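**Student:** pasting the structure only:
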């Protein structure tokens, strides 16, 4: 299923797709309603027979209630498989939408989805499923029962049928008037539950910081306040549900009371026979009042749950990413042009990058250096199209990366982060993930190029299994797997965002040299200053100032860059002669 925002539209679309199941549900519901339709008629006929002294005939008529009940049970039994045909796919569709859209939001800009998404997936989606099942099971049953009762009353006692229909309609209007308030209170309860979940997640995630700062009491108070708000809102919801008793009184009990009061006069006046009066009372007391009570109860619980959870999911689950329709295909060019780029992590935050411009010709090799937290990784995410800029554009081959087709962009451009991802499977599976058509020889060449070959030899070759997350590999070995995977890929723009941070300088030099020899543009977010010596050009990010040039030129012209290089030399990171250094020419 294509991911879409979970909400009423998704529910309606998924339910209507099961028209065959809905048709069978309706047909078996008619069978299930047979006892409700025949109960009053059989009781009325039986009473008339008893009054006429035909006891055997009356008893047989009452005995006919049993086969009618058996028919109803048969209809109920045959309903459940078709109810599942509707309900379970709806649950799957909502779970898929929540997971898919949350994953897309996690790779976007801003605050990532917190632990509240766990509530949406484990509680709200399941609440939609449960409420839909209850509505299809009980509200459907009640609706068919009420219709059957009104049809039976119309056949047996038309005046009673008219008055009952009017009172039931009044009860429905009264319930509709009470419903918005209950919906609002139910939504408030759900929001409070999510707030408790989010605050608990934040507190547990930052527990070490809380303890280090002596903020235990503040954290306890904040979380306790959230719990108190949830309790107060649940109590308000419970109080509001008490008003539904008025609906049952008007629609279920008043018709019966009116019949009992008027029955002597109606019988004496000849408007009703004794059997008809008893049969009508049977319809009202045995079928209508319990059905209406069940309807109000279900709509006040499961109905509210369904409506509120649908709205909550529609409001809080991120919208799905745009489809490829209307997006621009990338060309075979892979030059990168950045124009007037400004980006901040929030509306009240200072921009990390302000009016930043940069041109990367095809086959360029750029190293980006600067102090920690200055915006190097932010620039990498913007170049890769992961985050939308507040202003300005990033163009790859002349196409704005925000407008490019996602498949084209992910094939042409690859970003390797510092924390490498390795999934459970063989080394072959991991390395061919971005190049499924690659041969084993291709895989081995890329592994040899970046320095992964000794690891493969030690662990058993391409068929050797890797645990989930690369748990049996060191941090440096996981980085080598990620580097070899991208080296093998067809990407022609590669961004290494401190992707060699866990490698020693010699291994880092080998990996970067392998990428530099590969066709395409290479951007290295430098972990060590030696990466700058290997690059054709160096970009120094120093607050709002940016310096671009060759290593030697920046060393001569930029005091900030000279200071940065001096810092690394004093920490013995930079040898006097770097064996992995490439000629510092303007291009390759």
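**Tutor:** Perfect, I can see it now. Just so you know, these numbers come straight off a predicted model, no measurement behind them.

**Student:** Residue 541: helix or strand, and which one exactly?
**Tutor:** strand 537-542 (DSSP states H and E).

**Student:** for residue 402, that is, sorry about that
**Tutor:** Per DSSP H and E, there is no helix or strand for residue 402.

**Student:** ok so, going back, which strands border the strand holding residue 541, and is each parallel or antiparallel?
**Tutor:** Sheet pairing here is set by DSSP bridges, and for strand 537-542 it gives strand 365-370 (parallel), strand 545-549 (antiparallel).

**Student:** Show the end-to-end separation of stretch 544-552, please.
**Tutor:** One end of stretch 544-552 to the other measures 22 Å (CA to CA, to the nearest Å).

**Student:** quick one: the closest residue to residue 292 other than its chain neighbours from residue 158, how far?
**Tutor:** Nearest residue to residue 292, sequence neighbours excluded (CB to CB, 6 or more residues apart in numbering): residue 252, at 4.1 Å. The way it works is simple: take the backbone N, C-alpha and C, and place the C-beta from them, glycine included. Distance check for residue 252 against residue 158: by CB to CB, to the nearest Å, it reads 20 Å.

**Student:** Ok, residue 200 next?
**Tutor:** 61 Å.

**Student:** The two: who's more crowded?
**Tutor:** Neighbour tally, residue 200 and residue 158, criterion other CB atoms under 10 Å: the higher count belongs to residue 200, 15 against 11.

**Student:** so where is the stretch 1-150 of the chain shaky, pLDDT-wise?
**Tutor:** 1-7, 101-123 (pLDDT under 70).

**Student:** ok, now with 90
**Tutor:** 1-55, 57-58, 61-62, 64-69, 71-150 (pLDDT under 90).

**Student:** about what we covered before: from the middle of its chain, how far away would the strand holding residue 541 be?
**Tutor:** Offset of strand 537-542 from its chain centre (CA atoms, centre = their mean, to the nearest Å): 39 Å.

**Student:** So that it lines up with my notes, have the first residue be 2 from now on.
**Tutor:** Fine by me, first position is 2 from now on; the one you just mentioned is strand 538-543.

**Student:** got a list of contacts for it?
**Tutor:** Under the criterion CB atoms under 8 Å, 6 or more residues apart in numbering, residues 359, 365-372, 375-377, 380, 533, 547-552, 555, 559, 561-562, 565, 587 lie in contact with strand 538-543.

**Student:** Doesn't residue 462 lie inside a helix?
**Tutor:** No - membership of residue 462 in a helix is not supported by DSSP: H, G, I helix; E, B strand; the rest coil, which gives coil.

**Student:** ok now do it, which residues does it touch?
**Tutor:** residue 428.

**Student:** what distance separates the start and the end of stretch 459-468?
**Tutor:** 16 Å.

**Student:** Run a quick check on the residue nearest to residue 293 versus residue 172, I expect a contact.
**Tutor:** Yes - using CB atoms under 8 Å, residue 253 makes contact with residue 172 at a distance of 7.5 Å.

**Student:** who touches both of these two?
**Tutor:** residue 293.

**Student:** which SS state does residue 338 fall under?
**Tutor:** Relying on three-state DSSP, one would call residue 338 strand.

**Student:** my bad, should have said residue 390
**Tutor:** coil.

**Student:** count of neighbours near it?
**Tutor:** Residue 390: 22 neighbours (other CB under 10 Å).

**Student:** Now the residue most central in space within the chain: which helix or strand?
**Tutor:** Taking CA atoms, centre = their mean, the centroid of the chain lies closest to residue 99, which sits 1.7 Å from it. Using DSSP H and E, residue 99 sits in helix 66-107.

**Student:** Okay, buried residues for stretch 349-362 please.
**Tutor:** 352-355, 357, 359, 361 (16 or more other CB atoms under 10 Å).

**Student:** Would you pull up how far whatever helix or strand residue 152 lives in lies from the middle of the chain?
**Tutor:** Assessed by DSSP H and E, residue 152 sits inside helix 141-157. Once both centres are worked out by CA atoms, centre = their mean, helix 141-157 turns out to sit 41 Å from its chain's centre.

**Student:** Show me the contact partners of that helix.
**Tutor:** With CB under 8 Å, 6+ apart as the test, helix 141-157 has contacts from 26, 30-31, 33-35, 37-42, 45, 161-162, 165-166, 169, 277, 280-281, 284-285, 288-289, 292-293, 295-296, 299.

**Student:** need the helix or strand of this protein with the lowest average pLDDT.
**Tutor:** Across the helices and strands of the chain, mean pLDDT, DSSP states H and E gives its lowest value to helix 117-120, namely a mean of 56.

**Student:** And the next helix or strand past that helix?
**Tutor:** Assigned by DSSP H and E, the successor of helix 117-120 is helix 126-135.

**Student:** and that following helix, what other elements does it pack with?
**Tutor:** helix 9-17, helix 66-107, helix 305-317 (3 or more CB pairs under 8 Å, 6 or more residues apart in numbering; DSSP states H and E).

**Student:** and residue 429, which of these is closest to it?
**Tutor:** Nearest to residue 429, of all the helices and strands packed on helix 126-135, is helix 66-107, at 25.4 Å by CB to CB.

**Student:** Helix 9-17 and the closest one, what's the angle between them?
**Tutor:** Relative orientation of helix 66-107 versus helix 9-17 (axes from the mean of the first three to the mean of the last three CA atoms, to 10 degrees): 130 degrees.

**Student:** packing partners for helix 66-107?
**Tutor:** helix 9-17, helix 20-33, helix 35-52, helix 126-135.

**Student:** okay, the angle between the first one and helix 126-135?
**Tutor:** Just to be clear, that refers to helix 9-17. Counting by the same axes, to 10 degrees, helix 9-17 lies at 50 degrees to helix 126-135.

**Student:** same deal with the second one?
**Tutor:** Counting by the same axes, to 10 degrees, helix 20-33 lies at 50 degrees to helix 126-135.

**Student:** Over to the nearest residue to residue 412 once chain neighbours are set aside. Which of the three states is it?
**Tutor:** Excluding the flanking residues, the one nearest residue 412 by CB to CB, 6+ apart is residue 491, at 5.9 Å. Using three-state DSSP, the structure places residue 491 in coil.

**Student:** Return the set of buried residues in the helix holding residue 152.
**Tutor:** Neighbour-count burial for helix 141-157, counted by 16+ other CB under 10 Å, picks out 141-143, 145-147, 149-154, 157.

**Student:** How far does the helix or strand encompassing residue 293 sit from its chain's centre?
**Tutor:** Secondary structure from DSSP H and E places residue 293 in helix 290-299. Put simply, helix 290-299 sits 34 Å off its chain's centre (CA atoms, centre = their mean).
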